[in-house]
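> A structural model of the following input is requested.
(2 chains)
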Amino acid sequence: MTRPRATRTERDGFGPIEVPADRLWGAQTQRALRHFAIGTERMPEVLVHALAIQKRAAAKVNGARGALPARLTRAIVAACDAIAAGEHDDEFPLPVWQTGSGTQTNMNMNEVVANLANRRLGAALGAKAPVHPNDHVNMAQSSNDSIPTAMHIAAVRAIHGRLLPSLKGLRRALAAKARTFAPIVKIGRTHLQDATPLTLGQEFSGYARQVELGIARVAATLPNLLALAQGCTAVGTGLNAPKNFGRACARNIARLTGLRFRVAANPFEAQAAHDAIVEASGALNVLACSLTKIANDIRLLGSGPRCGLGELILPANEPGSSIMPGKVNPTQCEALTMVCAQVMGNQVTITVAGAQGHLELNAFKPVLIHNLLQSIGLLADGARSFTEHCVTGLRADRARIARASPR
Amino acid sequence: MLVTALTPHIGYDKAAEIAAKAHRDGATLRAAARALGHVTAADFDRWVRAEAMVASG
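This is a model prediction of the structure:
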């Protein structure tokens, strides 16, 4: 027999509720777990860490203007730093499939930060004092500006820190192959039928340029993602936030992340629409098309070994078949094209969700950021894996190419 | 959700109590605020004004 888990009583506007005693979340998170037991997709950790950065900036700005006592500010900042560093990922259990504004996740953050800060200040979990989740951690903020701010922080960090470096590595590897393969003359094919000659290097130079253009397209979406909704509060008017609160928060976030965040030019656009997310997904969609074409060409040119085109020899990374001995398959091309299929699907989801803003708020925020971060992460990992385990090890079968050359 | 304007003055939990009572009793926010004793009528009139809530920060 298992002993019932120890609990503590937390309260919110709907009354008391039992929370597991060792957990740092509070009443609203516990209610959300009951009401949104949907699917297995949790709010992404990258988004949780970005939200902690947003809360830290808000606390610093509130502290600096004297609205938040220094002792509470320090405790909140320390809590946010620990969360942003990934030390409390297990305290954010809520699914993507919750309110469209992400309010449950914003409150999950407010509750965990308040409990961590209160514990640091010697108070009991659930005390809501001296640090209150709404009045102090969420001071001068609404989910409607905090969540969009965190979405943009998360997207920019993921693009900057993961996707662009990975794509640059792929571009370099393809360009290196273009140079290596420059002397190899082969038959060109259009419509999959014999056409006129070109070099294998020329083919690969086209792939390298596709990735280079993809990098530029993704980078071109950053300026609009660097604009933050902070300071809009509930409907864009900035109710309960002091003048220039958003500007001060953006400056703080820029300093902390080293990325050029700024406050959005129009607060009503910034929370009623998510066009910047749709725009970024559009650039990822183009990238997915490019990578699919490149991976398909490489596996087509590597088909065989005896009865295919066989112009390229792909690295043999693992046995390809459980029944056919000696078979080796273009597995990296398959993984990458599956990633691209997912990214294209995510683009459709993001398009539908982005089109759904009603009046003052787009209430599809969790599904938008879940899909965008998944696309960024998959493309970053997919491109890196494809570079390391396929492109770098590609060889040309010169004899085979010579045999198939026009005579 | 005009009650939002009260939160910087009396905190989220008391403001939520006022909203809940007003809804339950079919009363105005002003009456509920006074009945609970969280806000005086004069403060309520000073803090909760739609035209003062639309200024872009």
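> shaky segments in chain A?
A:1-3, A:406-407 (pLDDT under 70).
> now with 90, please.
Across chain A, the ranges flagged by pLDDT under 90 are A:1-5, A:11-15, A:317-328, A:357, A:403-407.
> now it against chain B: closest residue?
Chain B sits closest to A:G238 of chain A, with a gap of 2.5 Å, by Cβ to the nearest Cβ. For the C-beta atoms, the positions are set from N, CA and C on the backbone; glycine is no exception.
> where's that residue, which helix or strand?
Here A:G238, judged by DSSP states H and E, is contained in no helix and no strand.
> what residues does the stretch 251-400 of chain A put near chain B?
Counting by Cβ under 8 Å from any Cβ of the partner chain, the stretch 251-400 of chain A comes close to chain B at A:P267.
> what about the helices in the stretch 251-400 of chain A?
Per DSSP state H, counting those that start in this stretch, the stretch 251-400 of chain A has helices spanning A:267-272, A:275-301, A:331-354, A:365-389, A:398-403. These are given in chain order.
> in chain B, which helix is the longest?
Criterion DSSP state H: the longest helix present in chain B is helix B:12-25.
> got the helices of the stretch 251-400 of chain A as TSV, with mean neighbour count columns?
As requested, these are arranged in TSV below (neighbours: other Cβ atoms under 10 Å in any protein chain shown):
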stretch	mean neighbour count
helix A:267-272	22
helix A:275-301	21
helix A:331-354	20
helix A:365-389	23
helix A:398-403	14
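> ok so, going back, by contact count, what packs against the longest helix of chain B?
Packed against helix B:12-25 by the contact rule (3 or more Cβ pairs under 8 Å, 6 or more residues apart in numbering or on different chains; DSSP states H and E) you find helix B:29-36.
> related to what we said a few turns ago, test my guess that the residue of chain A closest to chain B contacts A:R247.
No - in this structure, A:G238 is not within contact of A:R247 by Cβ atoms under 8 Å, at 10.9 Å.
> which residues do these two both contact?
Common neighbours of A:G238 and A:R247, using Cβ atoms under 8 Å, 6 or more residues apart in numbering or on different chains, are A:G231.
> comparing the two, which residue is more hemmed in?
A direct count of neighbours by other Cβ atoms under 10 Å in any protein chain shown for A:G238 and A:R247 places A:G238 higher, at 25 against 16.
> against A:A270, how distant is that one?
Going from A:G238 to A:A270 by Cβ to Cβ, to the nearest Å gives 11 Å.
> okay, and the common contacts of the two?
Residues touching both A:G238 and A:A270 by Cβ under 8 Å, 6+ apart: A:C232.
> how about the residues of chain B near chain A?
B:1, B:4-5, B:7-8, B:11-13, B:16-17, B:20, B:53-57.
> narrow these to those that are buried.
Buried by 16 or more other Cβ atoms under 10 Å in any protein chain shown: B:T4, B:A5, B:T7, B:P8, B:G11, B:Y12, B:D13, B:A16, B:E17, B:M53, B:G57, out of the residues of chain B next to chain A.
> so the third one is in which element?
Same thing as B:T7. Element membership of B:T7, judged by DSSP H and E, is helix B:7-10.
> what's that helix in contact with?
Helix B:7-10 is contacted from outside by A:N134, A:D135, A:N240, B:A15, B:H38, B:V39, B:D43, B:W47, using Cβ under 8 Å, 6+ apart.
> kindly export that helix (C-alpha atoms) in CSV.
C-alpha atoms of helix B:7-10 as CSV (Å, rounded to 0.1, in the frame of the first residue of the first chain):
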residue,chain,number,x,y,z
THR,B,7,-5.7,46.2,-7.3
PRO,B,8,-2.8,48.6,-7.0
HIS,B,9,-4.6,50.1,-4.0
ILE,B,10,-6.0,47.1,-2.1
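> contacting residues for the closest residue to A:S321 other than its chain neighbours?
Closest residue to A:S321 apart from its sequence neighbours, by Cβ to Cβ, 6 or more residues apart in numbering or on different chains: A:K327 at 4.0 Å. By Cβ under 8 Å, 6+ apart, the residues touching A:K327 are A:P319, A:G320, A:S321.
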